[in-house]
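Q: missing the sequence, but the structure's below:
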């Protein structure tokens, strides 16, 4: 399957606890291949299979934890 990256900007700083929660969530989402916080404190890079999961669903996974976030790039 083809994978594509998406960048999510999170308005709040992501501490270790928040990253652990996000890692657990993204590990359980079918179609997510890789998830990482970039060198910038507020950016997450997610490689995913668009045939399996939508980028908007990935954003909803972040906002469901109470973070304010936006999709930056597809």
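A: Happy to help now that I have it. Just so you know, these numbers come straight off a predicted model, no measurement behind them.
Q: Next one: the closest residue to residue 14 other than its chain neighbours from residue 2, what distance?
A: Among residues not flanking residue 14 along the chain, residue 37 sits closest, at 6.1 Å (C-beta to C-beta, 6 or more residues apart in numbering). To be clear about C-beta, it is placed using only N, CA and C from the backbone, and glycine gets the same treatment. According to C-beta to C-beta, to the nearest Å, residue 37 stands 24 Å off from residue 2.
Q: what about those two, which has more around it?
A: residue 37 (16 against 6; other C-beta atoms under 10 Å).
Q: quick one: that one and residue 1, what's the gap?
A: Taken as C-beta to C-beta, the span from residue 37 to residue 1 is 24 Å.
Q: Same question for residue 28.
A: From residue 28 to residue 1 the distance is 18 Å (C-beta to C-beta).
Q: List the residue ranges of the protein that fall below the pLDDT cut-off.
A: Where the chain drops to pLDDT under 70, the residues are 73-74.
Q: what's the longest helix anywhere in it packed up against?
A: Secondary structure of the chain per DSSP state H: the longest helix is helix 16-27. The contact analysis (3 or more C-beta pairs under 8 Å, 6 or more residues apart in numbering; DSSP states H and E) places helix 16-27 against strand 32-37, helix 55-63.
Q: Which elements pack onto the last one?
A: Right, helix 55-63. Partner elements for helix 55-63 (3+ C-beta pairs under 8 Å, 6+ apart): strand 4-10, helix 16-27, strand 43-48, strand 69-73.
Q: let's go with 6 Å and repeat that
A: For helix 55-63, the packing partners by 3 or more C-beta pairs under 6 Å, 6 or more residues apart in numbering; DSSP states H and E come out as strand 69-73.
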